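J.: Structure, please.
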Amino acid sequence: MRQIWITRAGRPEVLQVREAPDPAPGAGEVRIRVEASGINFADIMGRMGIYPDLPPLPVVPGYEVGGRIDAAGPGVDQSWIGRDVIAMTRFGGYADVVCVPLKQVFPRPAGLSALEGAAIPVNYFTAWQLVVVMGALKANETVLIHSVGGGVGIAATQIAKHIGARVIGTASAAKHGEMRAMGVDHLIDYRTEDFETRTREITGGRGVELILDAVGGESWKKGYRVLAPTGRLGMFGVSSLASGKQRNLSSMLSMLAKTPWLQFNPLRLMNANKGVFGVNLGHMWREIDRLREWGDALLELAAQGIIKPKVAASFKFDDAAKAHHFVQDRRNIGKVLLVP
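T.: Predicted coordinates:
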């Protein structure tokens, strides 16, 4: 098999393709011939050396794949062999062959390609947790989604519109036309406009019921201020840590200095009638039964055509560095994938 390794912390060029013997599935596992592997910002932060959950380097990153099962381990029904599936991987997904526990595998709905399938687990599960499980978004409420053109942003938009909510999104101006076509009601160019000021203008000064923010630092502070009474701020990343393409201590210190530690204290939250919560799907592995419930609900929506992942681009394994550059240069609208 072929795998993409993070050989050391650094720029995208530290990614390296290596060969290894095909693994054999263990008890309760299946082996998948991978047709597509998802790229996520956690992989990029891991490559930069600023993702605390990454195992010691060198390591094969990757949280999700789409492909076909070609072998089943002891205790697994052999009828799984030959089935098209989507799977969650706890690292190791940047490979053309993976072995995973059957609990982490979902049958792929008819009409959903392997590339679209590989775009579901991280982005759509995260969006579901943010919007439905913890954000409790309701019809006629308003959600502000940062980086609305990214994988989580598009997933959250589709879920929010299905609920009947209004969506405000931040994105560069070049992405506005396509995002409007996807149903975003109002767009803010984060490069030239202050999202706090524009959100107040759009909502007539009231603010929003839910914010999805993976930027961190100053963005959390401004977002908290623009929450309406009973509003919730959902934090699911700190992309402001990755201002360049390798670890930058000044960016890390700046983000920490701008984080609103004092605003997020219990007494202020009670008096403001506001909520703050965090989401890290990578820490939900002990809750696999809950994740399966979310996956079943999402795949049913996919089968009905209510949600549909948007693939921005796919790159061959040998071009993994180009794929990471593509994401960090913010060129994508939708998911970026690796194909063996």
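
J.: Only C-alpha atoms from now on, for both contacts and neighbour counts.
T.: OK.

J.: continuing past the one helix or strand residue 253 maps to, what's the next helix or strand?
T.: Mapping residue 253 onto the secondary structure by DSSP states H and E places it in helix 249-258. If you walk from helix 249-258 toward the C-terminus, the next helix or strand you reach (DSSP H and E) is helix 266-272.

J.: which other helices and strands contact the helix holding residue 253?
T.: With contacts defined as 3 or more C-alpha pairs under 8 Å, 6 or more residues apart in numbering; DSSP states H and E, the packing partners of helix 249-258 are helix 218-225.

J.: Please find the angle between the direction vectors of the helix it packs on and helix 249-258.
T.: 20 degrees (axes from the mean of the first three to the mean of the last three C-alpha atoms, to 10 degrees).

J.: Looking at helix 218-225 now, give me its mean pLDDT.
T.: Helix 218-225 carries an average pLDDT of 96.

J.: Return the set of buried residues in the helix or strand just after that helix.
T.: Towards the C-terminus, the helix or strand next in line after helix 218-225, according to DSSP H and E, is strand 227-235. Along strand 227-235, these residues count as buried under the neighbour rule (16 or more other C-alpha atoms under 10 Å): 227-228, 231-235.

J.: Please apply the same query to stretch 284-302.
T.: The neighbour-count check on stretch 284-302 (16+ other C-alpha under 10 Å) flags 291-292, 294-295, 298-299, 302 as buried.

J.: For the residues you listed, could you give me JSON lines that also reports secondary structure and pLDDT?
T.: Written out in JSON lines, the entries for these read as follows (DSSP: H, G, I helix; E, B strand; the rest coil; pLDDT from 0 to 100):
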{"residue": "291", "secondary structure": "helix", "pLDDT": "97"}
{"residue": "292", "secondary structure": "helix", "pLDDT": "97"}
{"residue": "294", "secondary structure": "helix", "pLDDT": "98"}
{"residue": "295", "secondary structure": "helix", "pLDDT": "97"}
{"residue": "298", "secondary structure": "helix", "pLDDT": "97"}
{"residue": "299", "secondary structure": "helix", "pLDDT": "96"}
{"residue": "302", "secondary structure": "helix", "pLDDT": "96"}
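
J.: Which of the residues you listed sits closest to residue 26?
T.: Minimum distance to residue 26 across the buried residues of stretch 284-302 is 20.9 Å, recorded for residue 292 (C-alpha to C-alpha).

J.: tell me the contacts of that closest one?
T.: With contacts defined as C-alpha atoms under 8 Å, 6 or more residues apart in numbering, residue 292 is in contact with 103-104.

J.: quick one: the helix or strand of the chain with the lowest mean pLDDT to chain centroid distance?
T.: Taking mean pLDDT, DSSP states H and E as the measure, the helices and strands of the chain show their lowest mean at helix 249-258, namely a mean of 70. On the basis of C-alpha atoms, centre = their mean, to the nearest Å, the separation between the geometric centre of helix 249-258 and that of its chain is 23 Å.
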